[in-house]
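Colleague: heads up, no residue letters with this:
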């Protein structure tokens, strides 16, 4: 049973549309992350947050933006979707303090931009 | 920069047999954490096992164990008594103890097939 929830699970959208991928967690974790993963490939960190009002860009350049107004909520927004944004987006969280705290993942959003 | 390499894109194992997935990493740091994650088809990615670099003893979780060779920078995963439910993508991951725990670096993954 997932403690971290992503919606929608699948999204097909036309080029130029604005979209927001939702991510919420009920574990009270301070750290949250967005990863981009092409099917069967490695994960690339695109955004992360240490806590409320803290957001940083990850290693992979992304045209998306994130916000962290509440501890439990970490939405990702694409202002103008393009076919190159087609991918799977995974949200994750981890407990603060302990370096060996694992990442807890949501089920992912599979985005297709036509 | 740290890197994680999984040299086996795919592996196959017979049910009830044992399989070992390879992982090597590159780092100049001495303190870090290593993880194996499992991603079943269309399902949530979950932690399989983790290892602290300062611990010499290999981690074990039921049928899953690791062979951690710090000098060789090797971190292989052994799955004993393989089950059909073990079929998944397996990702090896590295996290520096220095970076406050935000940056986990993943390998490209190994797809494991389990034959009945």
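Modeller: Yep, it's here. None of the values given here were measured: they were computed from a predicted structure.

Colleague: Okay, residue A:103 and residue A:40: tell me how far apart.
Modeller: For residue A:103, the distance to residue A:40 equals 19 Å [CB to CB, to the nearest Å]. Bear in mind the C-beta positions are built from the backbone N, C-alpha and C, glycine included.

Colleague: same thing with residue A:27?
Modeller: Noted for residue A:27: a distance of 28 Å to residue A:40, by CB to CB.

Colleague: out of everything not next to it in sequence, what's closest to the spatially most central residue of chain A?
Modeller: Geometric centre of chain A, nearest residue: residue A:34, 3.1 Å, by CA atoms, centre = their mean. Leaving aside its sequence neighbours, residue A:34 sits nearest to residue A:47 (CB to CB, 6 or more residues apart in numbering or on different chains; 4.4 Å).

Colleague: how many neighbours does the one you found have?
Modeller: By other CB atoms under 10 Å in any protein chain shown, 23 other residues sit near residue A:47.

Colleague: any idea how far residue B:59 is from the nearest residue in space to residue A:102 that is not next to it in sequence?
Modeller: Closest residue to residue A:102 apart from its sequence neighbours, by CB to CB, 6+ apart: residue B:47 at 4.0 Å. Here the criterion is CB to CB. By it, residue B:47 lies 11 Å from residue B:59.

Colleague: More neighbours: the two, which one.
Modeller: When neighbours are counted by other CB under 10 Å, residue B:59 comes out ahead of the other of residue B:47 and residue B:59, with 19 against 16.
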